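1. Everything below, folded, please.
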Amino acid sequence: MDYGNVISRSFEYAKDALVGKWLRWIALIILSIIQAFTLFLVPLFSGYIVRVLSGKTPAPEIDQWGKLFVDGWKLNIIVLIYALPAIIVFLVLGGVGLLGILANEAAGGDAAALGAAVLSLLGGFLLAGLVAIIVGFVALFAVLRFAHTDRFSEAFNFGAIFSHIGKLGWGTWIIAVIILLVLAFIYDLVVGLIILIPFLGWIIALFLNVAFVVFYTRYLAQVYEEVPPPA
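-> Numbering: from 1, shown residues only. Down below sits the predicted model:
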């Protein structure tokens, strides 16, 4: 896969979607703010993300508000379901550790017992993080399949998901995600400096954040479409 070309085309897509289309850009900023302040209860911005992930070209319009809302909630639910394994691991191991710490304090404190409880808590964090990383690679692809098929159930069609990743190549997919994470890290550093600009920094950051979301969702859509999906 020519990752450089995918990045370049994604950048052009985001530029064409937003530059000169100020009403769309501002509308997406407003939707992202509403989504953040409602804690994703009004996920219209996520609904738009689903449209970009579906591979629509050129960039889709902001319309069919009901579908935006429903797709946003479908995305919320898919992400939550895929997060459950990591949450359960942490609650089980981390919960045991936390209960051990509390019980140790109530019993007057024992260094060995406290150490074991702390290790259990840390182990819960680490194992949950490892599970989240492993599941995350599958979850991203599941979201892309949902967006492309417009069917919620396809996010859990594991046979098709693993078959598609296999055709693309696990190494190709993992490298694509790692590249995106590196780009996100660089972007965060740049935006972190921009925010330091008095007043204007936050406004510029709002515009850039929306542009980056359009960029990376288009990037993921292109990687997904690199090979034909299974039926």
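2. How about residue 58: what's its closest non-neighbour residue?
-> Of all residues beyond its chain neighbours, the one nearest residue 58 is residue 16 (6.2 Å), with distances taken as CB to CB, 6 or more residues apart in numbering. Placement of C-beta: from N, CA and C, glycine included.
3. Let me fix that, I meant to ask about residue 93.
-> Excluding the flanking residues, the one nearest residue 93 by CB to CB, 6+ apart is residue 124, at 3.3 Å.
4. ok, the residue nearest the centre of the chain - contacts?
-> For the chain, the residue sitting closest to the mean C-alpha position, by CA atoms, centre = their mean, is residue 140 at 7.1 Å. The contact partners of residue 140, taken as CB atoms under 8 Å, 6 or more residues apart in numbering, are 177, 220.
5. if we go to 10 Å?
-> Counting by CB atoms under 10 Å, 6 or more residues apart in numbering, residue 140 touches 53, 79, 82, 165, 173, 176, 177, 180, 220, 223, 224.
6. what number of residues lie near residue 153?
-> 8 (other CB atoms under 10 Å).
7. In this structure it contacts residue 81, no?
-> No: look at residue 153 against residue 81 with CB atoms under 10 Å: they stay out of range, at 11.8 Å.
8. hey, where'd the helices end up in the chain?
-> Taking DSSP state H as the criterion, the chain contains helices spanning 3-18, 22-37, 44-53, 65-89, 95-106, 111-149, 158-168, 170-194, 200-224.
9. Of those, flag the one that's most buried.
-> Mean neighbour count (mean count of other CB atoms under 10 Å) peaks for helix 44-53 among the helices of the chain, with a mean of 24.
10. Nearest to residue 59 among the helices of the chain would be which one?
-> Proximity to residue 59 (CB to CB) singles out helix 3-18 among the helices of the chain, at 3.2 Å.
11. So which elements touch the closest one?
-> Counting contacts by 3 or more CB pairs under 10 Å, 6 or more residues apart in numbering; DSSP states H and E, helix 3-18 is packed against helix 22-37, helix 44-53, helix 170-194, helix 200-224.
12. what's the weakest-modelled helix or strand in the protein?
-> Least confident helix or strand, the chain: helix 95-106 with a mean of 59, by mean pLDDT, DSSP states H and E.
13. Give me the pLDDT for the nearest residue to residue 77 once chain neighbours are set aside.
-> Nearest non-adjacent residue to residue 77, counting by CB to CB, 6+ apart: residue 152, 7.8 Å away. On pLDDT, residue 152 comes in at 98.
14. one step back: any chance of the helices of the chain in CSV, with distance to residue 230 too?
-> Shown next, in CSV, are those (distance: least, CB to CB, whole Å):
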stretch, distance to residue 230
helix 3-18, 21
helix 22-37, 32
helix 44-53, 18
helix 65-89, 19
helix 95-106, 39
helix 111-149, 10
helix 158-168, 5
helix 170-194, 15
helix 200-224, 12
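15. can you tell me which of the ones you listed the model trusts least?
-> Looking at those, the bottom one is helix 95-106 with a mean of 59.
16. wait, residue 59 sits on residue 20?
-> No: contact criterion CB under 10 Å: residue 59 and residue 20 do not qualify, at 11.9 Å.
17. who has more neighbours, the two?
-> Neighbour count, other CB under 10 Å: between residue 59 and residue 20, residue 59 has more, with 19 against 9.
18. How much space separates the more buried one from residue 213?
-> From residue 59 across to residue 213, the span is 12 Å (CB to CB, to the nearest Å).
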